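[1] Quick one, structure for this:
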Amino acid sequence: MAEDRICVGAISGAFGVQGEVRLKSFCAEPEAIASYGPLYSEDGKQSFTLRLTRTIPNGFSARMSGIATREQADAMKGLRLFADRARLPSLPDDEFYHADLIGMEVRDTGGALLGRVSAVHNHGATDLLEVSGPPPGGGPNRSVLLPFTQAIVPTVDLASRRIVADPPEGLFA
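    Here you go, the predicted structure:
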């Protein structure tokens, strides 16, 4: 995947029998996904234009270029869609694209390395940073879910690729 592309949605299967797909949008304004095209597969080998047809539970039904049958739509299930970063809106200073956070070094307020962000999850309440690395004092790598709130993560420095965290006592023990 090109470094200048961001995942904006995914196909969750076919919708109906006329080649429409079920689309999950990962955009802050879900309908905006249609304006970020063309959209690309993760490897960049396929590109699609997209037209939303209606709102359905958990997303949209949509028409995608090159998909005309239910079988073709079913074959797209699981495909993640990427947009060129330049087509996406600029973010306020306190918001970040998940792709920009992954791989960033995480240090505590004393400068000790806690690990690196390996994933960003959201299960409803707030984003969680999955921080992976060896525990203090050594040992096998482990993953810790760190709430991504201003109180716990006061500093995100995109330029230096570093996050400063003030985790709850014992979270990384």
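[2] And the pLDDT for residue 72?
    Reading off the per-residue confidence, residue 72 sits at a pLDDT of 94.
[3] Any idea how many residues pack against it?
    Counted with other C-beta atoms under 10 Å, the burial measure for residue 72 works out to 14 neighbours. For glycine as for every other residue, the C-beta is placed from the backbone atoms N, C-alpha and C.
[4] Look up phi and psi at it.
    phi -70, psi -40 (degrees, to the nearest 10).
[5] Helices of the chain, start to end?
    Using DSSP state H, the helices of the chain run over 70-75, 98-101.
[6] mind listing what residue 50 touches?
    In this structure, residue 50 makes contact with 23, 33, 34, 37, 39, 62, 63, 64, 65, 81, judged by C-beta atoms under 8 Å, 6 or more residues apart in numbering.
[7] Max pairwise distance over those residues: which two?
    33 and 65 (14.5 Å; C-beta to C-beta).
[8] More neighbours: those two, which one.
    Set residue 33 next to residue 65 and count neighbours by other C-beta under 10 Å: residue 33 wins out with 23 against 14.
[9] where's the closest residue to that one other than its chain neighbours relative to residue 55, distance?
    Of all residues beyond its chain neighbours, the one nearest residue 33 is residue 25 (4.3 Å), with distances taken as C-beta to C-beta, 6 or more residues apart in numbering. Going from residue 25 to residue 55 by C-beta to C-beta, to the nearest Å gives 10 Å.
[10] helices and strands around the helix or strand bottoming out on mean pLDDT in the chain, which ones?
    Using mean pLDDT, DSSP states H and E, helix 98-101 stands out as the lowest-scoring helix or strand of the chain, at a mean of 87. Identification of packing neighbours for helix 98-101 by 3 or more C-beta pairs under 8 Å, 6 or more residues apart in numbering; DSSP states H and E yields strand 5-15, strand 113-122.
[11] What lies in contact with it?
    Residues lying outside helix 98-101 but in contact with it, judged by C-beta under 8 Å, 6+ apart, are 6, 7, 117, 120, 127, 129, 156, 158, 163.
[12] Flag the shaky bits of the chain, pLDDT-wise.
    Counting by pLDDT under 70, the ranges of the chain that qualify are 1-3, 136-138.
[13] burial of the residue lying closest to residue 65 once chain neighbours are set aside, as a residue count?
    When the adjacent residues along the chain are set aside, residue 65 lies closest to residue 49, with 4.4 Å between them (C-beta to C-beta, 6+ apart). With neighbours defined by other C-beta under 10 Å, the count for residue 49 comes to 12.
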